[in-house]
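Colleague: the sequence isn't on hand, but the structure is:
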């Protein structure tokens with residue numbers, strides 16, 4: 001086991017994929033000579049050459065379009081979108097070509113493309129640098145969408161994504177880039193949890209709290225804080241956003257009777273809405289209260305001085321748990337609802 005930051009774990013996953021398969025190529029803006037704006041790809045061009053770690057023009061549509069051509073020729077491109085808000089120029093290629101080519105050709109063409117997207121807020125960046133666009137791609141059939149929350153998953157899930165014959169959107173929680181954890185670099189992929197599997201990150205009995213990517217750490221902090229108040233929260237790390245592994249969520253809600261979903265993205269038509277609706281359909285007779293969503297607000301991402309008020313934090317998540325438990329909360333005041 002090696003202790004790595006999430007950034008280092010992603011770098012190690014890319015390095016291992018380049019070593020294992022000569023058809024793996026990396027593409028992106030400033031990923032080569034500079035090593036990426038977050039230094040995620042640092043050292044890879046030096047070790048593997050500019051023909052496999054390629055600096056591209058500032059044109060996301062060209063990056064994704066070129067990846068489609070490479071995939072046609074048997075390569076496994078890994079594209080970096082420098083920031084979440086820069087993905088929109090490549091949206092047409094992702095939705096109209098990457099997601100549909102397999103079905104359009106009746107299975108004769110595969111698109112083994114991995115698209116890395118640093119996403120979410122919390123780093124004090126301006127507009128277009130702190131967005132959460134995952135719901136657009138979850139809504140698009142033909143794409144897998146995943147998001148790791150810790151270094152081990154970052155390493156393993158990236159290798160699984162690159163090895164997959166399906167196109168994968170790999171959303172990296174940029175404000176967790178420096179979080180460290182133990183990583184087993186030698187564990188075979190065959191023994192790792194499936195890329196699409198959710199996991200119970202913290203067991204509990206009173207309420208189920210579902211999160212993914214950058215919010216998992218905040219959810220775990222909330223579980224620790226709630227325990228001091230005598231409330232037991234089960235935290236589920238979604239890991240895969242499309243498809244969603246509902247099994248662990250259903251099993252948990254049937255025990256706890258309460259569901260809280262947290263994410264940075266806006267509330268309306270966010271992933272939390274889909275999870276809340278699905279769990280209501282499948283666990284209606286087990287629910288003791290209505291599902292609760294704790295999310296970002298339905299506004300353009302605010303200036304950095306205000307983002308702490310926009311992002312769900314420990315207090316807002318605990319308030320959501322209080323709502324699910326019928327305890328005094330921000331909506332009911334000091335009186336029980």
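Modeller: Structure received. A quick note: this is a predicted structure, and the numbers were derived from the prediction, not measured. Residues are numbered from 1 along each chain as shown.
Colleague: touching, residue 236 and residue 252? I think so.
Modeller: Yes. Residue 236 is within contact range of residue 252, at 6.2 Å (criterion: Cβ atoms under 8 Å). C-betas here are computed from N, CA, C, even on glycine.
Colleague: anything in contact with each of those two?
Modeller: Shared contacts of residue 236 and residue 252 (Cβ atoms under 8 Å, 6 or more residues apart in numbering): 200, 208.
Colleague: mind showing which ranges of the stretch 1-150 of the chain have poor pLDDT?
Modeller: Within the stretch 1-150 of the chain, no range satisfies pLDDT under 70.
Colleague: ramachandran angles for residue 24?
Modeller: phi -80, psi 130 (degrees, to the nearest 10).
Colleague: same deal with residue 215?
Modeller: Dihedral angles (degrees, to the nearest 10) for residue 215: phi -80, psi -10.
Colleague: quick one: residues contacting it.
Modeller: Contacts of residue 215 by Cβ under 8 Å, 6+ apart are 262, 263, 264, 312.
Colleague: residue 4 versus that one, what's the distance?
Modeller: 21 Å (Cβ to Cβ, to the nearest Å).
Colleague: swap in residue 103?
Modeller: 38 Å.
Colleague: centre-most residue in the protein?
Modeller: Nearest to the mean C-alpha position of the chain, counting by Cα atoms, centre = their mean, stands residue 147 at 2.2 Å.
Colleague: of the contacts of residue 215, which is the nearest to residue 284?
Modeller: Lowest distance from residue 284 to these (Cβ to Cβ) belongs to residue 262, with 21.7 Å.
Colleague: how many neighbours does that closest one have?
Modeller: 26 (other Cβ atoms under 10 Å).
Colleague: gap between it and residue 132?
Modeller: Applying Cβ to Cβ, the value for residue 262 to residue 132 is 12 Å.
Colleague: and if you look at residue 60?
Modeller: Taking Cβ to Cβ, one finds residue 60 at 17 Å from residue 132.
Colleague: which one's more surrounded, these two?
Modeller: Between residue 60 and residue 132, counting by other Cβ under 10 Å, residue 132 is the more crowded of the two (28 against 24).
Colleague: separation between that one and residue 21?
Modeller: Residue 132 sits at a distance of 31 Å from residue 21 (criterion: Cβ to Cβ).
Colleague: next one: residue 162
Modeller: 8 Å.
Colleague: what residues are shared contacts of the two?
Modeller: By Cβ under 8 Å, 6+ apart, the residues touching both residue 162 and residue 21 are residue 76.
Colleague: so for those two, which sits in the more crowded spot?
Modeller: residue 162 (25 against 13).
Colleague: now name the helix or strand holding the more buried one.
Modeller: helix 151-163 (DSSP states H and E).
Colleague: that helix - contacts with which helices or strands?
Modeller: strand 2-5, helix 6-20, strand 76-80, strand 114-119, strand 144-146, strand 168-173, strand 180-183 (3 or more Cβ pairs under 8 Å, 6 or more residues apart in numbering; DSSP states H and E).
Colleague: grab the longest strand from this structure for me.
Modeller: Assignment by DSSP state E gives strand 259-266 as the longest strand of the chain.
Colleague: the following helix or strand past that strand to strand 259-266, inter-axis angle?
Modeller: Scanning forward in sequence from strand 259-266 by DSSP H and E, the next helix or strand is helix 271-283. Between helix 271-283 and strand 259-266, the angle comes out at 160 degrees (axes from the mean of the first three to the mean of the last three Cα atoms, to 10 degrees).
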